[in-house]
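Undergrad: Prediction below, plus the sequence it came from.
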Amino acid sequence: MLTQRLRRLATALAARALSSFSGLRLLDATVPSRGVRVTRGVPYGGGARRALDLYEPSEAGEDRPLVVFFYGGSWKTGARGEYRFVATALARRGMVVAVPDYRLYPETVFPGFLEDAAGAVAWAAANAARHGAAPRPFLIGHSAGAYIALMLALNPAYLRTAGMDRTRLAGAVGIAGPYDFRPSRFPDVAPIFAATEEAATQPITHVDGANPPLLLLAGGADTTVRPTNTLNLAARVAARGGLVATRVYPRLGHIGVLLAFAPLFRRNAPVVDDIARFVRAHRG
């Protein structure tokens with residue numbers, strides 16, 4: 001019991017320290033790099049923000065699952081180099097993982113970051129074979145990155161513009177994502193979406209039942225992006241006949257569900273196991 005309390009306390013303190021996402025590099029320092037090969041700064045388009053880091057298992061292989069991971073940060077902050085602890089956890093499960101940057105506010109507004117993300121996915125799929133990966137990517141994201149992943153999975157227009165059909169996606173995993181909210185009610189992000197009709201900016205609006213398989217994960221104690229976003233989207237997808245699974249981790253908050261990728265906090269919730277199981281089930 002004492003060990004569990006200490007673990008919860010450590011998670012809470014770490015989540016508070018990392019709540020701005022600026023402390024994630026400290027967490028990366030605790031993650032051993034053995035068994036994973038990293039290629040940094042691979043361009044997928046023009047401009048400084050259109051580049052990605054690629055994480056591959058060190059051992060040679062073919063047809064390994066391909067993952068594109070989108071980080072969060074309210075579409076205003078974030079950098080691919082801060083998420084080694086996420087990409088390494090997945091690469092050690094035999095996946096090839098791309099972590100792209102994308103343009104942020106105020107450099108761009110909706111849908112600029114979605115257009116960048118679609119370009120990164122198209123690049124990853126086109127270059128998969130060179131890195132021993134299957135050409136049908138899984139999209140994974142946390143927070144604003146989950147929004148991006150699910151918008152690409154639910155609205156085929158963005159990938160189509162990048163030259164890729166949505167049917168080429170193997171699946172998508174959203175972690176604590178804002179899928180059903182009113183941007184105008186949140187002054188910190190309202191300017192990012194102000195130029196577009198509000199409903200069109202929401203993943204839940206674009207549900208058509210033709211989505212790739214979805215796994216939606218959330219922290220039950222998340223007060224930043226409440227798990228109703230996850231539950232509402234899952235209900236809409238299921239009602240339209242789409243394939244979706246959900247899991248809510250009762251005691252985890254918004255950052256806690258992301259911390260579960262790191263070895264120090266992995267016992268808090270089986271986030272990596274659940275994602276690996278989903279990938280195995282749908283990689284074909």
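TA: Arrived safely. Numbers count the residues shown, from 1 in each chain.
Undergrad: In the protein, what residue spans correspond to helices?
TA: 2-17, 24-28, 84-91, 112-126, 144-154, 156-161, 190-193, 228-239, 256-259, 271-282 (DSSP state H).
Undergrad: from those helices, which stretch is densest packed?
TA: helix 144-154 (a mean of 29; mean count of other Cβ atoms under 10 Å). Just so you know, the C-beta spots here come from the backbone N, C-alpha and C atoms, and that holds for glycine as well.
Undergrad: Now find how far off-centre that helix is within its chain.
TA: Computed by Cα atoms, centre = their mean, to the nearest Å, the chain-centroid distance of helix 144-154 equals 8 Å.
Undergrad: same thing with stretch 218-238?
TA: With Cα atoms, centre = their mean as the basis, the mean position of stretch 218-238 lies at 15 Å from the chain mean.
Undergrad: Between the two ends of it, how far is it?
TA: Terminal residues of stretch 218-238 lie 17 Å apart, using Cα to Cα, to the nearest Å.
Undergrad: Just give the number of residues close to Gly94.
TA: 14 (other Cβ atoms under 10 Å).
Undergrad: My understanding was that Thr196 contacts Gly112; is that so?
TA: No: look at Thr196 against Gly112 with Cβ atoms under 8 Å: they stay out of range, at 11.1 Å.
Undergrad: Flag the shaky bits of the chain, pLDDT-wise.
TA: 1-26 (pLDDT under 70).
Undergrad: longest strand anywhere in the chain?
TA: Scanning the chain for the strand with the most residues, using DSSP state E, yields strand 133-142.
Undergrad: Paired strands for that strand, with orientation please.
TA: Applying DSSP bridges, strand 133-142 is found paired with strand 64-70 (parallel), strand 171-175 (parallel).
Undergrad: Could you check how far Thr161 is from Ile175?
TA: As for Thr161, its distance to Ile175 is 25 Å (criterion: Cβ to Cβ, to the nearest Å).
Undergrad: where's stretch 204-220 relative to the chain centroid, distance-wise?
TA: 13 Å.
Undergrad: Show me what the residue nearest in space to the middle of the chain is bridged to.
TA: Nearest residue to the geometric centre of the chain (Cα atoms, centre = their mean): Gly141, 0.8 Å. Judged by DSSP bridges, the bridge partners of Gly141 are Phe70, Gly174.
Undergrad: Now do it against Val38, distance only.
TA: 20 Å.
Undergrad: And Gly171, by the same measure?
TA: Distance from Gly171 to Val38, by Cβ to Cβ: 24 Å.
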